[in-house]
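A.B. asks: I'd like to go over a predicted model; first the sequence, then the structure.
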Amino acid sequence: MFLNFNINSLFTKKNSTKLIILGVILLAIGSYCTTKRIVAINIFSWGMALAFLFAAFLALKEYNSLRPYASKKEVNKFRNLTITLVIIALMLIIFPKYMNMFMSMLIGSYIIVNQSIKYFKQSKYYRRITLAFLLKILLGVLLIISPLFLANFLVSILSTISIIFGVYFIVTGINIANERKF
């Protein structure tokens, strides 16, 4: 599947009102998500669910293309991956807050275990505790203790980006409508 995404004709006078409307929508979503964190976490989870569904779609395409001629083991691997991705996406849609908490604790546990393994694999006489090691362990503990920290942090960053793009599209749309260079 080949997609050609061309934005050269986006900044024309006939699209100026569309840019202003898009800017207002992005500004409203960013402002609302900044003030209402729980709703923002739900929106963030639904966006992640869409990403998982897209990945499941790609895995399903690969499954369908491999089914006629690949080994059963390889085909089953893609079928299981597709089912797993769809289940994760459905869980993110149905239980957004709890799935974010679970994923955050899972990531925190992974970071702590990974860093502990790296630390104990070092030589007994040459074990060093670096600043990066301490920061990673602290991040892992923080993700386990405060599971919604990661989701809130990402939501605040995405809300700020949405507000910035909203203001940009509004200013660009007004400048194009007034026939000024931007």
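C.D. replies: Noted; the coordinates are in hand. Numbers count the residues shown, from 1 in each chain.
A.B. asks: what bits of the chain have low per-residue confidence?
C.D. replies: 1-11, 181-182 (pLDDT under 70).
A.B. asks: center of it - which residue?
C.D. replies: The centroid of the chain falls nearest to Met48 when counting by CA atoms, centre = their mean (5.4 Å).
A.B. asks: please, which helix or strand holds it?
C.D. replies: helix 37-66 (DSSP states H and E).
A.B. asks: for that helix, name the packing helices and strands.
C.D. replies: Packing partners of helix 37-66 (3 or more CB pairs under 8 Å, 6 or more residues apart in numbering; DSSP states H and E): helix 16-35, helix 72-94, helix 96-121, helix 149-177. Bear in mind the C-beta positions are built from the backbone N, C-alpha and C, glycine included.
A.B. asks: quick check: buried residues in the shortest one?
C.D. replies: Residues of helix 16-35 classed as buried by neighbour count (16 or more other CB atoms under 10 Å): 16, 19-20, 22-23, 26-27, 29-30, 33-34.
A.B. asks: now distance to Ile43 too, for those residues, in TSV please.
C.D. replies: Formatted as TSV, these follow (distance: CB to CB, whole Å):
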residue	distance to Ile43
Ser16	28
Leu19	22
Ile20	23
Leu22	17
Gly23	18
Leu26	13
Leu27	15
Ile29	8
Gly30	11
Cys33	6
Thr34	12
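A.B. asks: for the residues you listed, which one is nearest Gly108?
C.D. replies: Cys33 (23.8 Å; CB to CB).
A.B. asks: which residue, neighbours along the chain excluded, lies closest to that closest one?
C.D. replies: Using CB to CB, 6 or more residues apart in numbering and skipping the chain neighbours, the partner closest in space to Cys33 is Ala40 (3.6 Å).
A.B. asks: what of Leu60?
C.D. replies: Going by CB to CB, 6+ apart, Leu60 has Thr82 as its nearest residue, at 4.9 Å.
A.B. asks: give me every residue that touches that neighbour.
C.D. replies: Contacts for Thr82 (CB atoms under 8 Å, 6 or more residues apart in numbering) come out as 56, 59-60, 63.
A.B. asks: just the buried ones from those residues?
C.D. replies: By 16+ other CB under 10 Å, the contacts of Thr82 give 56, 59-60, 63 as buried.
A.B. asks: farthest-apart pair in these, please.
C.D. replies: Ala56 and Tyr63 (10.0 Å).
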